[in-house]
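Q: Model the structure of this input:
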Amino acid sequence: MRSPRLPLLAAVAFLAPSVLGAQGAPVRLAPGACDWGHQPGVSWGRRVLAVSSERDGAANRATGRPDVWPQLGTGDAVAPLTWAPGRGEVWPEWIALSLQRPIAAQEIWLFVTGGAGAEMRVAVFDPDGSMIPVARVEVVEWPAPVAQIVVPLDTAILVSGIRVEVEPSSVDESFFLDAVAAVPRRVCAPAPSAPHGTR
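A: Coordinates of the predicted model:
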């Protein structure tokens, strides 16, 4: 896979709502709301392509299956097992990861172990390295900082990588990302609504 161009990765306004494809609304799921751990064919994050910043050199901890989730990603023993942006003044922060293998995805999963109420923007990379914005996850007054973020794709997209951009929220400025994945079928998101006049 060709590496995405750095200027493309560094763009911060690429996910304006007007350029998003026709996708289902992202959902935040509490731990236990979806049986994600036994699903076949899931392609997990494999390698960090680029990152805006990282705390304690832990960006590569966002690869593979979740190490921490659904635990809270704070504390000396747990925080190094997740990606957290650096403690600088530059926002938004972002991370881009390649997947184990490209798949035609119908869902994107983000496992967030802290700051799950933050505003997030999600894009995917196709096998040529082109970036496709797929979701803007609005900030919410989320009662718990841990969630599985599920982005349903109404049309399957061939995905070779995932980019997550985060803004600090009024809820919690500590954001911890444990894992990302692309999934070849609807597993955790509600099924798409049938168009009017159909059954």
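Q: Could you list the low-confidence segments of this structure?
A: Filtered on pLDDT under 70, the chain yields the residue ranges 1-23, 75-81, 86-90, 142-143, 168-173, 192-199.
Q: hey, where'd the helices end up in it?
A: With DSSP state H applied, the chain shows helices at 6-10, listed in chain order.
Q: Against residue 128, how distant is the spatially most central residue of it?
A: Centroid-nearest residue in the chain: residue 110, 3.8 Å away (criterion: Cα atoms, centre = their mean). Residue 110 sits 23 Å away from residue 128, taking Cβ to Cβ, to the nearest Å as the criterion. Backbone N, C-alpha and C define where each C-beta goes, glycine included.
Q: before we move on, what about residue 149?
A: 26 Å.
Q: Neighbour count for the two, which is higher?
A: Shown here are residue 149 and residue 128; by other Cβ atoms under 10 Å, residue 149 has more neighbours (22 against 10).
Q: OK, contacts around the nearest residue to that one once chain neighbours are set aside?
A: Distances taken as Cβ to Cβ, 6 or more residues apart in numbering place residue 110 nearest to residue 149, at 4.0 Å, with adjacent residues excluded. The contact partners of residue 110, by Cβ atoms under 8 Å, 6 or more residues apart in numbering, come to 120, 122, 148, 149, 151, 164, 177, 179, 180.
Q: in the sheet, who's paired with residue 125?
A: For residue 125, the residues forming beta bridges with it (DSSP bridges) are residue 131, residue 161.
Q: Relative to residue 178, how far out is it?
A: 20 Å.
Q: go on, residue 36?
A: Residue 36 is 12 Å from residue 178, by Cβ to Cβ.
Q: and these two? which has more neighbours close in?
A: residue 178 (28 against 22).
Q: Just to check, residue 52 is in contact with residue 84?
A: No - here residue 52 lies out of contact with residue 84, judged by Cβ atoms under 8 Å, at a distance of 11.5 Å.
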